[in-house]
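J.: Take this sequence and fold it.
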Amino acid sequence: MRDSELANIPFYISSSGHLCHPFNRKILSVALLRLRFCSISGSKSDLNPSVKTGISANSKSLKSLLAASALLLLLVADAHAGRLIDGMVRAVYDGDTVLLATRGDSRLRVRLYGIDAPETAKPGSPGQPFGEIARRTLMYKIMGRQVSAEIMDTDRYRSTVAVIRYAGRDINREMVAEGLAWAYRQYLQGAYAPEYIGAEEVARARHKGLWRDDNPQPPWEFRHAQEIGGKRTGRR
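T.: Alright, predicted model coming up:
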């Protein structure tokens, strides 16, 4: 595969099996070459029905191809585990989603890993209390600033999920500690889990931000209610 062809591949495959962006061109090139070699290596008769026909030949070729595909997935996933990228924050959509301008002037939509901020108002949805405050607070922290993003995964909307740091500070954790986001327990892993959950518990005990309310509704419950309501009224 030529460099010009590689440039048109916008995503890499994460350890969770999702497609992510950006990728390491060198690692991907090596993996693709191995995939091509494995798919055609071995007996040439596997590719020549006039020499060797039948299910066994096709089966051997299929096994080689599957093994090579698995190798490709492992190589690419390992290459991007914990990958760090730098970029300037060009937009803040809400309390947990931003737009980064990365090297090469590419644009990367990033969702902050391990947290879930109150929803902001959108067409057909009124938003949640503290949703706009969370968005403005995140803007104040990092809008127009050069930050680093530790890529963790990608979500179902193909947004990159990352830990954002500025001047050595974990911005994700700060949003939770200031009572402007929940610790997203469903997706937290490793050392981030006790750290973010602990920050939420302290914010809750001190009635910071959204915890001033007696029983604030988690964003995932709010979104689910909006989806149910939309189906009942025919909205999409």
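J.: State the number of residues packed around residue 117.
T.: Other residues lying near residue 117 total 27 when counted by other Cβ atoms under 10 Å. Placement of C-beta: from N, CA and C, glycine included.
J.: Now do the helix or strand hosting residue 196: which elements does it pack against?
T.: For residue 196, the element it lies in under DSSP states H and E is helix 192-205. Counting contacts by 3 or more Cβ pairs under 8 Å, 6 or more residues apart in numbering; DSSP states H and E, the secondary-structure elements packed against helix 192-205 are helix 171-177, strand 182-183.
J.: Would you mark the buried spots in that helix?
T.: Buried residues in helix 192-205, defined by neighbour count with 16 or more other Cβ atoms under 10 Å: 192, 195, 196, 197, 199, 200, 203.
J.: which one of the residues you listed is nearest residue 185?
T.: Proximity of these to residue 185 (Cβ to Cβ) peaks at residue 197, which lies at 6.6 Å.
J.: and the residue lying closest to that closest one once chain neighbours are set aside, bridged to which residues?
T.: Closest residue to residue 197 apart from its sequence neighbours, by Cβ to Cβ, 6 or more residues apart in numbering: residue 183 at 4.7 Å. Counting by DSSP bridges, residue 183 is bridged to residue 115.
J.: Residue 183: what's it in contact with?
T.: 114, 115, 176, 193, 196, 197, 199, 200 (Cβ atoms under 8 Å, 6 or more residues apart in numbering).
J.: So the last one sits against residue 175, correct?
T.: Just to be clear, that refers to residue 200. No: judged on Cβ atoms under 8 Å, residue 200 makes no contact with residue 175 at a distance of 10.2 Å.
J.: can you give me the strands in the protein?
T.: In the chain, the strands defined using DSSP state E lie at 12-13, 19-20, 84-94, 97-102, 106-112, 115-116, 146-154, 160-166, 169-170, 182-183.
J.: and of those strands, who's closest to residue 138?
T.: Proximity to residue 138 (Cβ to Cβ) singles out strand 84-94 among these, at 5.2 Å.
J.: so where's the protein uncertain?
T.: Where the chain drops to pLDDT under 70, the residues are 1-82, 105, 229-236.
J.: Which parts of this protein belong to which domain?
T.: Each domain of the chain is listed here as a residue range: 3-80, 84-232, per automatic domain parsing.
J.: right, and residue 162 touches residue 149 too?
T.: Yes: using Cβ under 8 Å, residue 162 makes contact with residue 149 at a distance of 3.9 Å.
J.: who touches both of those two?
T.: Shared contacts of residue 162 and residue 149, defined by Cβ under 8 Å, 6+ apart, are found at residue 110.
J.: before we move on, back to that, could I get the strands of the chain as TSV with distance to residue 124?
T.: Shown next, in TSV, are these (distance: least, Cβ to Cβ, whole Å):
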stretch	distance to residue 124
strand 12-13	34
strand 19-20	29
strand 84-94	16
strand 97-102	18
strand 106-112	21
strand 115-116	20
strand 146-154	26
strand 160-166	26
strand 169-170	34
strand 182-183	23
